[in-house]
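[1] My questions concern the predicted model and sequence given below.
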Amino acid sequence: MAGMQPQDVFRLRSAADPRVSPDGATVAYVVSWVEEESREPRSAIWAATVDGSTEPRRLTLGPKRDATPRWSPDGRWLAFTSARDSDLAQLYVSPVDAPGEARRLTDLKEEVTAPVWAPDGSRLAFTARDHDRDDDLEDRVRPPRRIDRLQYRLDKEGWTVRRTHHVWTVGLEDGDGPTQLTSGDFEDLDPTWSPDGSRIAFVSARHDDWDLSTTSDVYIVPSSGGDPQRLTATEGAYARPSWSPDGSSIAAYFVPGAFDDPRHARVVVVDRASGERSVLTETLDRNCLPYPPIREPLWDGDELIFAIEDAGRVPLYRAPSDGSSPPSPVLEPDGWVTGYDLAAGTLVHTLTTPTLPSELFVGERRLTDVSGSFRNEVSLSEPEPFVAVAPDGARIDAWVMRPVDFDEEQTYPTVLNIHGGPFTQYGQRFFDEFQVEAGAGSVVVYANPRGSSGYAEEWGRAIRGPVEGGPGWGSVDHDDLIAVVDEAVKRYPFIDTDRLAVMGGSYGGYMTSWIVGHTDRFRCAISERAVNEMGSEDGTSDLAGFFRGYVGATAWEAPEAYARISPLSYAAEMTTPLLILHSEEDLRCPINQGEQLFTVLRSMRRPVELVRFPAESHELTRSGSPTHRVQRFEIVLEFLDRHLRKSASA
């Protein structure tokens, strides 16, 4: 049986965003796939009985994307978002006893997100962006944009000037249409109702010069309308608030400080009356807001359930809301929780492992098999963990995946993959990138060097600087990755040391560019959506002005420091054949980052190629056009094969 091929992107299916019915008997969840005929991403809402007594059934029949299922408090209705008449998702409700008879509640000119039911089931709150009417005009007559805030665009979203998110409500009764609850030049996100339905809490940054800071607060607004009142003290960044059952407090994730990256997201409880904050997870010393984010802390009586990042896994933990005892594990799978929910004592979750796309579970019992046909027809490689030791004694978690149809008597080309972030983690989840590389006959090596999340906060902060607080990017993280390669070569004789490649995206692209500027050990390299020149990145990214959180100063304050940690500064040392991949609409690492490196290397007549993907953002490999994702895989495999085949000259 063959390994995963690029075209298998069209066969992938996964389950996510599980929500338990109020009686605890049924789970609604989202199944995602790529439609074969249109080659476009699709999703639908399905339901499964918790006891497994009946086969899962499809609940929604939208022609494009149905998502975010939310049960009404009485279990009679299911609210969800759906892109039907256009590509903009709107809010719908469907009676549970008559699935398919969906009623549309909104008709806005921007997408509806984050729907949440009022406690009495009469209304829903949600968020949507303001619509800039000038965007309806052709570009040749559209007025110029007037910008006076630093945060004015966002990757995958485009321009956010005059398009900030706000909280809305809408009723189920005819004539009770959408009402905008908040307004202004602010981003209002993550609404949650108080238990009595009189108020809605949300997260926003509404202080003076909010665009020049990374801080945000929890605000509360009357659900009937009025001025939002700030609850918290603007001492860090809040996210995903969740009201306690008795209405006395609000749980949330909290990242302390500003421009002091990276810091762990903590689970906190904020007293509704005083605004006093108590931290529940300090002793845990793990990041409690995994990437990608899952959901808000979930109340279970007087306790809170939440996910954490832990050494390449994402388990579930619980903590008493009064902080009377330390957090303890609820679910510790050798995998990665992608969603969870609790109702009537029933806890469900969706989970992925390296050989299992995300599926729905209750405890250890799997309720779905949406990826079954793919898994039954494709040979998938299992990772093997190992530990490497850096020159200074640091121990780095790493994994190796053998190629499909592995033969102990053979040696194989090997690809070192480097994750983005840098404050993210690789680990025990299905990753099409690794499976396609193993399916093409390569050994795959990956790791969590210093700078990664999933470990003590000190581990993530080890690459701050170089202005203050640490040595900066391209220091011990580089040492760790080289140590991983050294250990893999020593430990696994099937690795062909003459056929090594390195690749990565975003920060992983940065590190790829950095590595080939400091060693010629690798036969070839692929730098994707990379940061290559830190100074221009700090001025042109949608995160412009915020890199001082890592570096310790802005680019205009410390240009030498930014140059020191820029791969472009070492271009003269780059002799490794390099493939630069970049998306033309990438706003996180704008395409000038790839163009600059290509221009310099080509001018020096170095072996370099630039591939540009039109109409794609920084998220090409995760949520880009499936056609482009396949084309990218084919380009990557052709480049690796061309440079790593045995007949290639060393």
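    Cool, got the structure. Residues are numbered from 1 along each chain as shown.
[2] Burial check on Glu282, number of neighbours?
    14 (other C-beta atoms under 10 Å). Heads up, the C-betas are built off the backbone N, CA and C, glycines and all.
[3] hang on, it packs against Ala265?
    No: look at Glu282 against Ala265 with C-beta atoms under 8 Å: they stay out of range, at 11.9 Å.
[4] Show me where the stretch 51-200 of the chain has its strands.
    57-58, 65-71, 77-83, 90-95, 103-104, 112-117, 123-129, 153-154, 158-159, 165-171, 179-180, 189-193, 199-204 (DSSP state E, counting those that start in this stretch).
[5] The stretch 351-500 of the chain now?
    Counting by DSSP E, counting those that start in this stretch, the strands of the stretch 351-500 of the chain are 356-362, 365-366, 383-389, 395-401, 412-418, 443-447, 495-505.
[6] possible to save those strands as JSON lines with distance to Thr234, mean neighbour count and mean pLDDT?
    Below are the strands of the stretch 351-500 of the chain laid out as JSON lines (distance: least, C-beta to C-beta, whole Å; neighbours: other C-beta atoms under 10 Å; pLDDT from 0 to 100):
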{"stretch": "strand 356-362", "distance to Thr234": "36", "mean neighbour count": "24", "mean pLDDT": "98"}
{"stretch": "strand 365-366", "distance to Thr234": "44", "mean neighbour count": "12", "mean pLDDT": "98"}
{"stretch": "strand 383-389", "distance to Thr234": "42", "mean neighbour count": "16", "mean pLDDT": "98"}
{"stretch": "strand 395-401", "distance to Thr234": "36", "mean neighbour count": "22", "mean pLDDT": "98"}
{"stretch": "strand 412-418", "distance to Thr234": "35", "mean neighbour count": "25", "mean pLDDT": "98"}
{"stretch": "strand 443-447", "distance to Thr234": "37", "mean neighbour count": "26", "mean pLDDT": "99"}
{"stretch": "strand 495-505", "distance to Thr234": "34", "mean neighbour count": "21", "mean pLDDT": "98"}
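[7] looking at those, which is closest to Arg149?
    strand 495-505 (28.5 Å; C-beta to C-beta).
[8] and the angle from the very next helix or strand once past that closest one to strand 495-505?
    Remark: after strand 495-505, the chain's next helix or strand is helix 507-516, criterion DSSP states H and E. Interaxial angle, helix 507-516 versus strand 495-505 (axes from the mean of the first three to the mean of the last three C-alpha atoms, to 10 degrees): 130 degrees.
[9] Now find how far off-centre the helix or strand hosting Gln596 is within its chain.
    Applying DSSP H and E as the criterion places Gln596 in helix 592-603. Distance, stretch centre to chain centre, for helix 592-603: 28 Å (C-alpha atoms, centre = their mean, to the nearest Å).
[10] Average pLDDT for it, rounded please.
    Averaging the model's pLDDT scores along helix 592-603 yields 98.
[11] so what does that helix touch, helix or strand wise?
    helix 534-540, strand 578-583, strand 608-613 (3 or more C-beta pairs under 8 Å, 6 or more residues apart in numbering; DSSP states H and E).
[12] Please, where are all the helices along the protein?
    Assigned by DSSP state H, the chain shows helices spanning 372-377, 432-439, 457-460, 476-491, 507-516, 534-540, 548-551, 559-564, 592-603, 620-623, 626-644.
[13] To Glu573, which of those helices lies closest?
    That would be helix 507-516 among the helices of the chain, by C-beta to C-beta, at 8.2 Å.
[14] between the closest one and strand 578-583, how big is the angle?
    Inter-element angle recorded for helix 507-516 and strand 578-583: 160 degrees (by the same axes, to 10 degrees).
[15] Buried residues of helix 507-516, list them for me.
    Within helix 507-516, the residues scored as buried using 16 or more other C-beta atoms under 10 Å are 507-516.
[16] now swap in stretch 571-588 and tell me
    571, 574, 576-583, 585-588.
[17] Same question for stretch 148-157.
    For stretch 148-157, a neighbour-count test (16+ other C-beta under 10 Å) marks 151-156 as buried.
[18] can you check stretch 261-275 too?
    Buried residues in stretch 261-275, counting neighbours by 16+ other C-beta under 10 Å, are found at 261-270, 272.
[19] What of stretch 156-164?
    156, 160-164.
[20] Repeat that for stretch 111-127.
    Buried residues in stretch 111-127, counted by 16+ other C-beta under 10 Å: 111-118, 121, 123-127.
[21] ok, now stretch 6-14?
    For stretch 6-14, the neighbour count (16+ other C-beta under 10 Å) marks 6, 8-14 as buried.
[22] pLDDT (mean, whole number) over stretch 425-437?
    Regarding stretch 425-437, the rounded mean pLDDT is 98.
[23] And for stretch 49-60?
    95.
[24] what's in contact with that stretch?
    Stretch 49-60 has contacts (C-beta atoms under 8 Å, 6 or more residues apart in numbering) with 20, 24-28, 44-48, 66, 69, 78, 80, 82, 94, 99-100, 102, 346, 348, 362, 365, 367-368.
[25] again, but for stretch 621-630
    Contacts of stretch 621-630 (C-beta under 8 Å, 6+ apart): 6-7, 9-10, 34, 39-41, 156, 433, 505, 528, 583, 613, 615-617, 620, 632.
[26] Got the domain ranges for the chain?
    Annotated domains of the chain cover 14-278, 381-644 [automatic domain parsing].
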